[in-house]
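1. coordinates only, sequence not included:
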């Protein structure tokens, strides 16, 4: 909730959380006389909260004085109070205090002495003099009231200031509110009892807690101006402990290295983060406040972990338990530790890192070894993960590798492939491993890295091992299979497919692995240059291998592959297979297989236009993955969800989600290309067109390079459709022909249908269209594929239009009905727009309703490019354009963006689009898009009318 300017130095101009605390402070200053203590650890946001309170619009007329206590070796007497009074010159100019006792302050405040009564003669008793100064300060506060007095960091105040505050609490002026900020863990605050016994009522105490994970996410989002995936927010929260100052310093450090928009997609930068200098200085200053034994014990604690065990800490540090307890208490008092669940824990990961790095390297190695030995002597089961960590940093290679492998095995047994892959990768970094150990670890890595998302790290290790070592055929086949799967998940479709093909000959003696490898090769949507008949043959081989293995899991995997193969071709029998598998207890007993199958089928259903089945399969896949904690498919779940929403016309907020997906997909490159296709498809409808062209060309180039048939075909088809709207039929025909060639090479006409339609549109009246559409009709006959059927009907309508316009419109209306029945809102709107345009062009009176219906649909989706185009069609056809249209997105009326206003003013002055583009450093097509948007918002038929329309 933005309440005013942020304090100087803050990265965020928005206060996150603290709503109840802010409301309580508002109540305090509204109910004068009143006292409030705002307490919390360093960096928790005490000053920020008070600053937001005073910056709020409703406090604009409130007189306030702010004094700051300084961390000095010898605090100056009454320093914060005098600091506050120095700010009162403007208030004292029109009305000087009459009470002569205020003159006791004149020698202490030469800056404002001219506004005060004359100085008083000194008193011989120092205590009496101090009492007179206190009375003078009280009288001055009363004179300046109504007033809010804020004293910051009172834990650093001198004794005189504490005494004055106690005096103030007992004699508080009627119209003064006092707010003090104080750091917890600073020992007993002398004023607490006085504030509790104040005649005006006890002070209200606000204790600020660290931010929650959602609040840290919101704070980071406000700083980076970007959506934050949980994969970044969670480690940021863990790293900073939810302390706002630490969060800001971490992000400040990252912003020095990376653009703000890149940071959310790079959670890895948090792991290797250099500690912010300001934070390091703060922590080291607190550490230096401890005596030498306490520093030694805290250094050992940092080596042991975030929450060191007291027994282990005593053994490692070689100090007695009472000494350890005293040291931890001192560290907690200075804010380096805090209590959590009855144990001492480092305040945040960065505090531990700073203390850890303060220990000399040789000392750290020795402490790691002592920690490992202490852990070994503890109770079973052996903490192999912690032992691996400590032995590794102690430089004990053999002990490290053995425990790392054991830790990986334990992680795999619990389904935590990411952790297993991390330990195995660390173990494989050891150069002097025996060959049999290296191979054994590599095989385990191959199994773990697929689901552990350690693709980039594992691939070169497996490639090197396969290239340099003479391995037995079964092991070589298993490693090739693992490498192929990793390459595919890295987005290297062709390379991965070829590796798995090479593995087949080596897996003859291992039918369980052979069946799974052949099932992967049966998937048609991943790779170019393999015909559907080849995929079907691989599926048949997989079934034979599954029977030979006798493994029910392999049988399930092959049946899933068979269902996918049939579904991608629109075979209605695929649904029978899928429903049978969904009811199979063996699939339900394997939640990861279950989740993957549902998501793969959902994507295939989207390829067909079976939105109903895609949504139900997505829902089941999301549920199963969530219950199983299957993190690897999280990005795929979100990608499929976004794709379903695009198909269903639910576009509100979709562009931001798709941009976030593009940033998130670094860990799962295979999903990255699909998310870019989705972004390009959205830009095709919403604009700018040049961005859509660039995005789609990039998808096509990458897909051609890596040999990924999907999304190569739809990317070319989408670009073809876009180029048609940009009056580039030759370019549209080129991409449609290329997409059609790929679909023909696969032997799947369901994938070819929309490309055929684009080609027919681009080559309207050209030779061969009749034969092409007939070929398509034969190819999709009997298929359960609404997208292909609607495209076929539309292509047939285009061919029929010249000879029989009425029949053409009937075919087109059927295509629109097919899309409507399937829930494909955007395709339905495109068909409606085409139908209305055709009717208007032949002079029929019923062209308006389908155009208006399509306009409403485009408006609801925010398809600005389509809105601009259909409005031109409606103007040419004499169809009224409703602004605003009910049920659609509200019209902006005459409200233009700043850029649109610039373009409109230049267009009104008679500048051409190219001249405007040169003046504003934009592309010509961007200017065209802005001009169309201006005309639409202002409801003008052409740019000529801009010359007489007030756009300024």
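-> Okay, I see it. What you are looking at is a predicted structure, and each value in this text was computed from that prediction instead of being measured.
2. can you give me the helices in the stretch 1-150 of the chain?
-> 19-30, 46-55, 79-85, 89-92, 126-144 (DSSP state H, counting those that start in this stretch).
3. Out of these, flag the one nearest residue 810.
-> helix 19-30 (60.2 Å; CB to CB). Every residue, glycine included, has its C-beta placed from N, CA and C.
4. so the closest one versus helix 46-55, what angle?
-> Here helix 19-30 runs at an angle of 60 degrees relative to helix 46-55 (axes from the mean of the first three to the mean of the last three CA atoms, to 10 degrees).
5. quick one: contacts of helix 19-30?
-> Identification of contacts with helix 19-30 by CB atoms under 8 Å, 6 or more residues apart in numbering yields 1, 3, 15, 34-36, 38, 49-50, 52-53, 56, 59, 62, 148, 177, 179, 204, 206, 208.
6. From these, list the buried ones, please.
-> 3, 15, 34-36, 38, 49-50, 52-53, 56, 59, 148, 177, 179, 204, 206, 208 (16 or more other CB atoms under 10 Å).
7. Would you list the phi and psi of the residue of the chain most remote from its centre?
-> Distance from the centre of the chain peaks at residue 124, with 68.8 Å (CA atoms, centre = their mean). Main-chain dihedrals, residue 124, degrees, to the nearest 10: phi -70, psi -30.
8. Which among the helices of the stretch 1-150 of the chain is found nearest to residue 901?
-> So among the helices of the stretch 1-150 of the chain, helix 46-55 is nearest, using CB to CB, at 31.1 Å.
9. and the gap between residue 821 and residue 438?
-> 58 Å (CB to CB, to the nearest Å).
10. These two: which is more packed in?
-> Set residue 821 next to residue 438 and count neighbours by other CB atoms under 10 Å: residue 438 wins out with 19 against 13.
11. Which strand or helix spans the more buried one?
-> helix 435-452 (DSSP states H and E).
12. for that helix, packing partners?
-> If contacts are counted by 3 or more CB pairs under 8 Å, 6 or more residues apart in numbering; DSSP states H and E, helix 435-452 sits against helix 397-413, helix 417-428, helix 455-468, helix 473-489.
13. would you list every one of the strands in the protein?
-> 34-40, 64-68, 147-152, 176-183, 204-207, 337-340, 343-346 (DSSP state E).
14. can you list the residues that contact the last one?
-> Spelled out, that is strand 343-346. For strand 343-346, contacts defined as CB under 8 Å, 6+ apart pick out 301-302, 306-308, 328, 331-332, 336-339, 352, 355.
15. out of the residues you listed, who has the most neighbours?
-> Top of those by neighbour count (other CB under 10 Å): residue 301, with 31 neighbours.
16. Give me the pLDDT for that residue.
-> With respect to pLDDT, residue 301 has a value of 95.
17. Can you tell me the closest non-neighbouring residue to it?
-> Ranked by CB to CB, 6 or more residues apart in numbering and with sequence neighbours excluded, the top spatial neighbour of residue 301 is residue 308, at 4.2 Å.
18. Just confirm the one you found contacts residue 299, I think it does.
-> No - the pair residue 308 / residue 299 is not scored as a contact, 10.8 Å apart, by CB atoms under 8 Å.
19. that older thread, quick one: which of the helices of the stretch 1-150 of the chain is nearest residue 860?
-> Of all the helices of the stretch 1-150 of the chain, it is helix 19-30 that lies closest to residue 860, at 34.0 Å by CB to CB.
20. Now that closest one: average pLDDT?
-> 90.
21. Going by neighbour count, which residues in that helix are buried?
-> Buried, per 16+ other CB under 10 Å, within helix 19-30: 21-22, 25, 28-29.
22. and that helix, how far from the chain's centre?
-> Here helix 19-30 is found 33 Å from its chain centre; the criterion is CA atoms, centre = their mean, to the nearest Å.
23. picking up where we left off before, can you give me the distance of the residue nearest to residue 301 to residue 42?
-> 22 Å.
24. cool, and residue 159?
-> From residue 159 to residue 42 the distance is 22 Å (CB to CB).
25. got it, and residue 528?
-> 59 Å.
26. count of neighbours near the residue lying closest to residue 406 once chain neighbours are set aside?
-> Among residues not flanking residue 406 along the chain, residue 384 sits closest, at 4.1 Å (CB to CB, 6+ apart). Residues within reach of residue 384, counting by other CB under 10 Å, total 20.
27. where exactly do the helices run in the stretch 501-650 of the chain?
-> Counting by DSSP H, counting those that start in this stretch, one finds helices in the stretch 501-650 of the chain at the ranges 511-521, 532-549, 552-568, 573-582, 585-588, 591-608, 611-628, 634-648.
28. before we move on, what about the stretch 851-952 of the chain?
-> 864-876, 898-908, 913-920, 924-938.
29. mean confidence for the first one?
-> Per-residue pLDDT values over helix 864-876 give a mean of 89.
30. hang on, the earlier thing: any buried residues in the helix holding residue 438, and which?
-> Those would be 438-439, 441-452, for helix 435-452 by 16+ other CB under 10 Å.
31. for stretch 414-422, same thing?
-> Quick answer for stretch 414-422 (16+ other CB under 10 Å): 416-422.
32. between the residues you listed, which is closest to residue 476?
-> residue 421 (20.7 Å).
33. That closest one against residue 456, yeah?
-> No - applying CB under 8 Å, one finds residue 421 not in contact with residue 456, separated by 11.1 Å.
34. circling back to that earlier point, just name the closest of the buried residues of helix 435-452 to residue 751, please.
-> Nearest member of the buried residues of helix 435-452 to residue 751, counting by CB to CB, is residue 450, at 26.9 Å.
35. what sits against residue 11?
-> Listed by CB under 8 Å, 6+ apart, the contact partners of residue 11 are 223, 248, 251-252.
36. List the ones among these that fall in helices.
-> By the criterion of DSSP state H, membership of these in helices covers 223, 248, 251-252.
37. Of these, just the buried ones, ChimeraX syntax please.
-> Buried residues among the ones in helices among the contacts of residue 11 (16+ other CB under 10 Å), as a ChimeraX selection:
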select :223,248,251,252
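38. Export the ones in helices among the contacts of residue 11 to a markdown table and append columns for distance to residue 639.
-> Below are the ones in helices among the contacts of residue 11 laid out as a markdown table (distance: CB to CB, whole Å):
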| residue | distance to residue 639 |
| --- | --- |
| 223 | 27 |
| 248 | 32 |
| 251 | 27 |
| 252 | 32 |
